[in-house]
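> Sequence plus the predicted model coming up.
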Amino acid sequence: MEDRLGEIRGGGPPKRHNARTVAALTGNPGCTRRAVLDSAGADKPALAERLGFPARFGQSRFAITRGNAFEAQLKADGGVELLRLVAERLGVPVPAGATWTDLGGDDDRPERSRAALTAGGVGPALFDHPLLGLDVAGRRVHLEPDLVAARLAGRFHVVEIKSFPVIDGQADPAKVAAAAIQSAVYVLALRELLAAEGHDPELVSHEVVLICPRDFGNRPVASLLDVRKQLLVLRRQLARMARVDDLLATVPAGFTADPAADPAALAAGLRQVPARYAPDCLAVCELAQFCRHEARGHTGALGRPVREALGGVVEVADVLALAEGGRAPEPEQAEAAALLRAAARLRADALTGNPA
Amino acid sequence: MSTLRALARAQAVAAGRAQPVATVRHLHLSDRPLVLVPLALAGEANAPLAALVGTAPDEARLLLVPQPRNRDQRFAFAAELAGVLLPYLDSFRGGTEAVAVDRGRDVRHRYVDAPQLLVPNPAGITFLRLFGRSTRFRRPDGDHPVHPSVPVLGRWLTFFAERAEQPGSAALVALTDALTLHWATGQSAVEDLHLPAVLGWLDPPPGSTGAEAAARAEDPAVCPPAGPATDPDFDNHRLAPAIEAYAAAEDDPVARAAAYDVLAGLLRDQLAPTWELMWRGVGLLRAVPPGARVAGRWAGDRDAFTAHAEHVDAGGGPQPRRDGAVAAALRLQRLERALTGWAVQRAYDDPLVMAEHRLAGEAFVGEVTLADPKRVDDSGRRPVLRPRIQVVTTEPVPMPVGATLFSPARPGQKATVVFVTPGADGKTDVVLELSGGMGRGLTAPAGSVPEVGERICLTSLSDGFLPGGAFPAPEETPWTHGGPPEQHAE
Ligand code: SF4
């Protein structure tokens, strides 16, 4: 099976995942095409480029610089400020101090992180950049949360540092949602680590502490995110990807997503693997431009509300044929057809200036 | 999404071009709007980078912040923007008109015209709202003094951002919203947030379809984004070096001026295409005749402008950071009512919008087949004029007997359903009793009762006044809702 995944991916090593890409797996969980490519660790950006539909997920230097500067500022004092923020947000008295363990560096990080996080102890502890792991489609993925706080309010808390602002208590909902699903990846990984060592995984709180700059300045503010829902979605998708065999059963023999392959053959192959394009893909999947092009003429490409308002009819051409009465509806389309015919008649009526 | 609008999207896909979903314009358009295209620096909390602003296509003025992280430069930009916006606002404070209030026992005055701000997209509105938030509490004295115009700008931007939340207001409009209110593109709602793509569907260049034009409009190398977010490639390869060059030339006035020019050129090139699109979009909207109720809603904007101008004149303080519980509830209710009212008004003004309600069973159109305009009901103490009409329709009539209906052609008249009789031929006979809108006598003036042969629309939607709920005064806010709000200081 690993061979088959290697074939799909092409010559290269599997694309490395991080929390952002794992979080992105939940973006369109119903899509087989995506699940297959992600399971194989295919290089989707290169693939999209090769297909002539380059993805546009660039990141601005300014944003990266700002993010790094904010995190560095927060961690500059050995975690004093972080400890205060996290404790206050969790509603516990701010402890006199906490141990600060830097788990960055190069050597043996998974092992050091595992040992440090499961060692036990008494006082509160902060772990900077621990390295966690998670199985994604049978492969180990390494994940690096910004910070883990231990033994505050009796539990472990994932602490996520983001540089988008919280202004008067409000932040960009899309950014908060992205932070929540990403943090859920860390919570899951941390729970698995504890469970593997015989600890209760529920020691890791489902509440994540999100730290952002407040208003328009650099002063931090902490908020709590409940990620239970995100954990559910994530588990479901990871379980689906773990059943790679089932997924591969839907893939024709010889299918490849090797970016070195001939673009026409690649496109033809991809079309054999069922996709489920929705406009949301544009924000979450590198293949979105390709799939959108393929889905042209489908009502789903116009968004779910449109498709539903059109009675769930799949093809735009069918919608129009039914609306114009040019074609007899299939039995299950009868209701939709009546609605569409009425809509077309009313539209035509109003557009030709019939009084209303 | 109504089925009618969804169908228009499907038709746009097939036709390769946007399709109308309105027959009249549902927004007031100023003869002299202030078009504003803002750009923000990525990663920062609403830090302005540049803006093109002006009231005519050939009067674009470029404002820019050469070092967007520098707080003094940020407020210098605010002062510059105030230098454009405040005189623009003042130019509307000429003539006033008297408006009767309190059933004619009093009058108040409002400006005969008001300012209108146009930005490319909803994110542009958010940008202005946050820029208003970051400037309205600043002070011309104290630790970090700013130019005195800055807090005034902040109050006005906040005012516009709050108006923009009011459905039907045209004080601050995102052009993508205005365009898609009148045309359906062949793409999704998310893609409709991109102004160049929307205009690609509305007005594709000769020889290409809307889909092709929209696809081209998404390539930042061909068509810069309409802001406030910039293209990351532009940031990384062009903007960042230009900002660095400017910063490096700190001690050399000649080099600095040159670096400034480079930066200004870069930013102007990013903004100019959107600027053009803004005016093209305005032109498309102007070509659509306004609906009958547009002027009434604009009068509401003029009222609000007048009231806020008076508030600012009187030295009124900045709007609070957050509404108190009572203010928030009142505001929510006001917005909900405005939303309902706006939807109804659009339907009354526009048969194509009313068609959406017909499909939803909230209205039907039929022909008057019988009319008794002289009918008098003398069962009460005084005889009253109660004409009856019979309307035959092919559309479904889900309204029950006793329901009150209205007709956009005679909005002051009520029609009560007396009988609904489905016919064998799929048609329905509806008998209605009319009251109101016929004068005070026992004879209906000509034209006030629909005549036999007239096609009329009857709807359960009412354009009338919806009573508001009762809320406690702010100082009586119950503790369950946070108690009375604190008096606002800085
Ligand atoms: S863009 Fe294509 S492959 Fe990616 S999730 Fe959407 S449909 Fe699936």
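Sure thing, it's come through. Residues are numbered from 1 along each chain as shown, chains lettered A, B, ... in the order given.
> wouldn't B:Ala292 be in contact with B:Asp349 here?
Yes: taking Cβ atoms under 8 Å as the definition, B:Ala292 is a contact partner of B:Asp349 at 5.2 Å. From N, CA and C alone the C-beta is placed, and that goes for glycine too.
> Looking at those two, which one has more neighbours?
Neighbour count, other Cβ atoms under 10 Å in any protein chain shown: between B:Ala292 and B:Asp349, B:Asp349 has more, with 22 against 14.
> who are the neighbours in contact with the more buried one?
Contact analysis of B:Asp349 by Cβ atoms under 8 Å, 6 or more residues apart in numbering or on different chains lists B:24, B:26, B:291-294, B:408.
> try 7 Å
B:Asp349 makes contact with B:24, B:26, B:291-293, according to Cβ atoms under 7 Å, 6 or more residues apart in numbering or on different chains.
> Could you count how many residues lie near B:Cys223?
B:Cys223 is flanked by 20 other residues according to other Cβ under 10 Å.
> mind checking pLDDT for the closest residue to A:Gly67 other than its chain neighbours?
Among residues not flanking A:Gly67 along the chain, A:Ser163 sits closest, at 4.2 Å (Cβ to Cβ, 6 or more residues apart in numbering or on different chains). As summarised for this prediction, A:Ser163 has a pLDDT of 93.
> if I've got this straight, A:Ser163 is in a helix?
No: A:Ser163 is assigned coil when assessed by DSSP: H, G, I helix; E, B strand; the rest coil, not a helix.
> What subset of the contacts of B:Asp349 is buried?
Neighbour-count burial (16 or more other Cβ atoms under 10 Å in any protein chain shown) applied to the contacts of B:Asp349 gives B:24, B:26, B:291, B:293.
> If we ignore the residues flanking it in sequence, what's nearest the third one?
The shortest distance from B:Gly291 to any residue that is not its chain neighbour, by Cβ to Cβ, 6+ apart, is 3.2 Å, and that residue is B:Asp349.
> confidence score at residue 33?
If you meant another chain, say so; for now it's chain A. On the pLDDT scale, A:Arg33 is placed at 91.
> was after chain B, sorry
On the pLDDT scale, B:Pro33 is placed at 98.
> and if you look at A:Val36?
87.
> Kindly report the same for B:Ala489.
B:Ala489 carries a pLDDT value of 40.
> residues in contact with the residue nearest to A:Gly67?
Contacts for A:Ser163 (Cβ under 7 Å, 6+ apart) come out as A:66-67, A:70, A:213, B:43.
> Could you single out the nearest of the buried ones among the contacts of B:Asp349 to B:Gly168?
For the buried ones among the contacts of B:Asp349, the closest approach to B:Gly168 (Cβ to Cβ) belongs to B:His26, at 7.9 Å.
> OK, contacts around the closest one?
B:181, B:291, B:294, B:346, B:349 are the contacts of B:His26 under Cβ under 7 Å, 6+ apart.
> how much space is there between the closest residue to the third one other than its chain neighbours and chain A?
Closest residue in space to B:Val294, ignoring its immediate chain neighbours: B:His28 at 5.3 Å, by Cβ to Cβ, 6+ apart. If you measure B:His28 against chain A using Cβ to the nearest Cβ, to the nearest Å, the figure is 23 Å.
> which residues of the chain score low on pLDDT?
You didn't pick a chain, so chain A it is. For chain A, residues meeting the criterion pLDDT under 70 lie at A:1, A:354-356.
> The chain in question should be chain B.
Ranges of chain B meeting pLDDT under 70: B:465-490.
> what two of the contacts of B:Asp349 are the furthest from one another?
Spanning the widest gap among the contacts of B:Asp349 are B:His26 and B:Ala292, at 10.5 Å by Cβ to Cβ.
> Longest helix in chain B, please.
Longest helix in chain B by number of residues, with DSSP state H as the criterion: helix B:253-286.
> Any buried residues in that one, and which?
Neighbour-count burial for helix B:253-286 flags B:256, B:259-260, B:263-264, B:266-267, B:270-271, B:273-275, B:277-282, B:284-285 (criterion: 16+ other Cβ under 10 Å).
> for stretch B:196-216, same thing?
B:196-204, B:209-211, B:213-216.
> What would it look like as PDB? C-alpha coordinates only.
What follows is stretch B:196-216, C-alpha atoms only, in PDB (Å, rounded to 0.1, in the frame of the first residue of the first chain):
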ATOM      1  CA  PRO B 196     -12.700  43.000 -10.500                       C
ATOM      2  CA  ALA B 197     -14.400  39.600 -10.900                       C
ATOM      3  CA  VAL B 198     -17.900  41.100 -10.500                       C
ATOM      4  CA  LEU B 199     -17.200  43.700 -13.100                       C
ATOM      5  CA  GLY B 200     -15.800  41.000 -15.300                       C
ATOM      6  CA  TRP B 201     -19.200  39.300 -15.200                       C
ATOM      7  CA  LEU B 202     -21.100  42.500 -15.600                       C
ATOM      8  CA  ASP B 203     -19.100  44.000 -18.400                       C
ATOM      9  CA  PRO B 204     -16.700  41.500 -19.900                       C
ATOM     10  CA  PRO B 205     -14.200  42.800 -22.500                       C
ATOM     11  CA  PRO B 206     -15.300  42.200 -26.100                       C
ATOM     12  CA  GLY B 207     -14.700  38.700 -27.200                       C
ATOM     13  CA  SER B 208     -14.600  37.100 -23.700                       C
ATOM     14  CA  THR B 209     -17.200  35.600 -21.400                       C
ATOM     15  CA  GLY B 210     -17.800  36.700 -17.900                       C
ATOM     16  CA  ALA B 211     -16.200  33.600 -16.500                       C
ATOM     17  CA  GLU B 212     -13.000  34.300 -18.500                       C
ATOM     18  CA  ALA B 213     -12.900  37.900 -17.500                       C
ATOM     19  CA  ALA B 214     -13.500  36.900 -13.800                       C
ATOM     20  CA  ALA B 215     -10.700  34.300 -14.000                       C
ATOM     21  CA  ARG B 216      -8.300  36.900 -15.400                       C
END
